[in-house]
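>>> Make a model of this:
(2 chains)
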Amino acid sequence: MEDTITITMNSGPKEKDKKSKSLWVHAFDSLKKNKMAMASLSIVVFYLLIACLSFTGLIGGEWAKEIGPAYDSPFWVKWMSGQAASFSIEHLFGTDILGRSVFYKMVKGTEVAMLIGFATGLVTMVIGVILGAVAGYFGGKVDEIIVWFYTTFSSIPGIMLLMAITFILGKGIVAVFLALGLTSWVSLCRLIRADVIRHKNREYVHAAYSVGASHSRRLFLHILPNVFHLVIINFSLTFQTAIKSEVILSYLGLGVQDRPSWGIMIDDAKLELARGVWWQLLAATAAMFVIVLAFNILGDALRDALDPKLKGK
Amino acid sequence: MSELILEVKDLVVDFRTDRGKITAVNGVNLEVYKGRTLGIVGESGSGKSVTALSVMGLIQKPTGNVSGGEIVYRGENLLDKSVDDMRHIRGNKIAMIFQEPMTSLNPVFTVGNQIIEVLELHQSHLSKTEMVDKAVDMLKLVGIPSPEQRFKEYPHQLSGGMRQRVMIAIALACEPDILIADEPTTALDVTIQAQILDLMNKLQKELGMGIIFITHDLGVVAETCDDVAVMYCGRIVERADVHTLFKDPKHPYTIGLMDSIPSFDSTQDEHKARLRTIEGMVPSLFELPSGCSFQDRCPRVIDECRGAKGVPVLSNYKADHKVSCFNPSH
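This next block holds a predicted model:
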């Protein structure tokens, strides 16, 4: 009888039939309260949707088609200067040097950007989590070697390393995200290592050991879920850094080939600007600006939602 | 006497520190019998937890090292077992509950999942639904109301007492032979303490396991234990069954411990009004005096204690009552 009393006092009658929430549901609940974060999340989802549609060829497939004269200005620019022009979505951002629709190139570029962001995030996650977790958990010699490795690695200037890796791997989209992934795992690795060290001596890990759990079970089943919020936050930040870095690589002539990307569009714009053609630059930067901003806000909100130490701030 | 299931023989455990090697447990002998509770009592740092952790094989290498002795479980020395063999014994045959129920459960899993985990590790022949049923049964067994609901809840939704019950449920899920309880009630408030102790006594009667109960609370010992070993500086100084020990303590340290229990009727007696304590401090394990470790705090100290005759050996004072003292009380 005493027990029943304790329970009702602890949980309160309201919570009685409520389903228990996991950490992730809690995090999503607090994310839902943040309007900016939800707006950012819908932008991200929207971009992903466009990327998927473009990937399956439903939209943007005709990006290589000539739709008008070279460097045809957007229809709304014509309106402003008093010329007659009809509304058309493919002319939203005018045409490029070959008369192709800049709008379709931007759409196709979204696919490339999302692919690079996602793949880079994934490569970073795999390397960072595995090395960080192993270093933190086992400590000793293993830890020393991994720490030595990433310290050395991070002391090489990033852009040099990036160029070196793309030169080795050759041009193309796979080379781009591998190069970006291989150069951006260090910060995640550090974070994971530090947090695993913090967690491995917690009593729940000892308790897991005392019921006969193996090393891998303790590390991957018990500790990792407790540090995984770092991975999510880092993923969203790596995603947008990768999109920005793709632009730099393309600008250096090491980017993707045979298909439009925002980086290539910006790279083209450096010659066009002299001739007064600015719409290609506008289209690429606007598309990039919105997604990078959205990811930044989302990453921040995720950190607030997932890091228990910041709760109730 | 009932069946002997675990025997610790001359156990020695060392720890390497920056200041040199210390011996946290030095020649400890213990026996655990089926259906009986062995209490290990002592101050902080007396080696009681380390003894228990050694039985579980939980001493963290390379800092800690079991450098001598045997831990014999049903005729087999656990210290000779391989890592894999030990994994099958831990949680299955020998289980442990910890001091801090607040941090001993993984915060990101439901309590049900954490009970199922033990079953997955040691009773993998069960189907998923059987495991769920068994986990709910375990929650019911440890007296958690509406177990089906609690099964789905996370540790932070439970109180300390409830969490300790869950820990006990996890420990008992595979019906172990031996349950090691390392100060299981220290972090709980007194009413909950009593409930948990009652629960453990009840479960022992039902399941018949041997319990090693580690505590520094003599009240708890009197309540739960059948046999008691008093530890001081890594050694057992006195061992007897609980009635003998409380009625007729022989070692000056045990007597000191008994005297330090606050008594409610002491107010009537003017000179007994103040709480009595054992004078002095536990010596540092780095600089143990030669001879008896208790010599500097002992009211009955004699010349033999100062090292000329070495360390006092745990020897029979009477049958089933052992004391390691050169000058035990009469």
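>>> what residues does the stretch 1-150 of chain B put near chain A?
B:56, B:58, B:87-92, B:95-96, B:98-100, B:103-110, B:117-118, B:121-122, B:143-146, B:149 (CB under 8 Å from any CB of the partner chain). The way it works is simple: take the backbone N, C-alpha and C, and place the C-beta from them, glycine included.
>>> Filter these down to the buried ones, PyMOL style.
Selecting only the buried entries of the residues of the stretch 1-150 of chain B next to chain A in PyMOL, with 16 or more other CB atoms under 10 Å in any protein chain shown as the criterion:
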select buried, chain B and resi 56+58+87+89+90+91+92+95+96+98+99+100+103+104+105+106+108+109+110+117+118+121+122+143+144+145+149
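>>> Out of the residues of the stretch 1-150 of chain B next to chain A, which sit inside strands?
B:Ala95, B:Met96 (DSSP state E).
>>> taking the residues of the stretch 1-150 of chain B next to chain A one by one, which sit in helices?
When the residues of the stretch 1-150 of chain B next to chain A are checked against helices (DSSP state H), the matches are B:Met56, B:Arg87, B:His88, B:Ile89, B:Glu117, B:Val118, B:Leu121, B:His122, B:Gln149.
>>> List the residues that contact the first one.
Shown here is B:Met56, whose contacts under the criterion CB atoms under 8 Å, 6 or more residues apart in numbering or on different chains are A:Ser210, B:Arg90, B:Ile94, B:Met96, B:Ile180.
>>> Of those, which is the nearest to A:Trp79?
A:Ser210 (74.9 Å; CB to CB).
>>> Return the distance of that closest one relative to chain B.
Computed with CB to the nearest CB, to the nearest Å, the distance linking A:Ser210 and chain B is 4 Å.
>>> How about that residue, nearest residue that isn't a chain neighbour?
Spatial nearest neighbour of A:Ser210, chain neighbours left out: B:Met96 (4.4 Å); criterion: CB to CB, 6 or more residues apart in numbering or on different chains.
>>> list the contacts for the one you found?
By CB under 8 Å, 6+ apart, the residues touching B:Met96 are A:Ala207, A:Ser210, B:Ala52, B:Met56, B:Leu58, B:Ala171, B:Leu179, B:Ile180, B:Ala181, B:Asp182.
>>> swap the cut-off to 10 Å and go again
Taking CB atoms under 10 Å, 6 or more residues apart in numbering or on different chains, we find B:Met96 in contact with A:206-207, A:209-211, B:52-53, B:55-56, B:58, B:90, B:104, B:167, B:170-171, B:176, B:178-182, B:184, B:212, B:214.
>>> and these, which of them are in helices?
Checked against DSSP H, the contacts of B:Met96 include these in helices: A:His206, A:Ala207, A:Tyr209, A:Ser210, B:Ala52, B:Leu53, B:Val55, B:Met56, B:Met167, B:Ile170, B:Ala171.
>>> tell me the contacts of the fifth one?
B:Ala52 makes contacts with B:Val8, B:Leu30, B:Ile40, B:Leu58, B:Met96, B:Ile180, B:Ala181, B:Asp182, B:Glu183, B:Ile212, B:Phe213, B:Ile214, as judged by CB under 10 Å, 6+ apart.
>>> mind running it again at 7 Å?
Shown in contact with B:Ala52 (CB atoms under 7 Å, 6 or more residues apart in numbering or on different chains): B:Ile180, B:Asp182, B:Ile212, B:Ile214.
>>> How many residues are close by the closest residue to chain B within the stretch 1-150 of chain A?
With CB to the nearest CB, the shortest gap between the stretch 1-150 of chain A and chain B falls at A:Ser20, namely 4.4 Å. Other residues within reach of A:Ser20, judged by other CB atoms under 10 Å in any protein chain shown, total 17.
>>> My read is that it contacts B:Lys152, right?
Yes - with contact defined as CB atoms under 7 Å, A:Ser20 and B:Lys152 form a contacting pair (5.0 Å).
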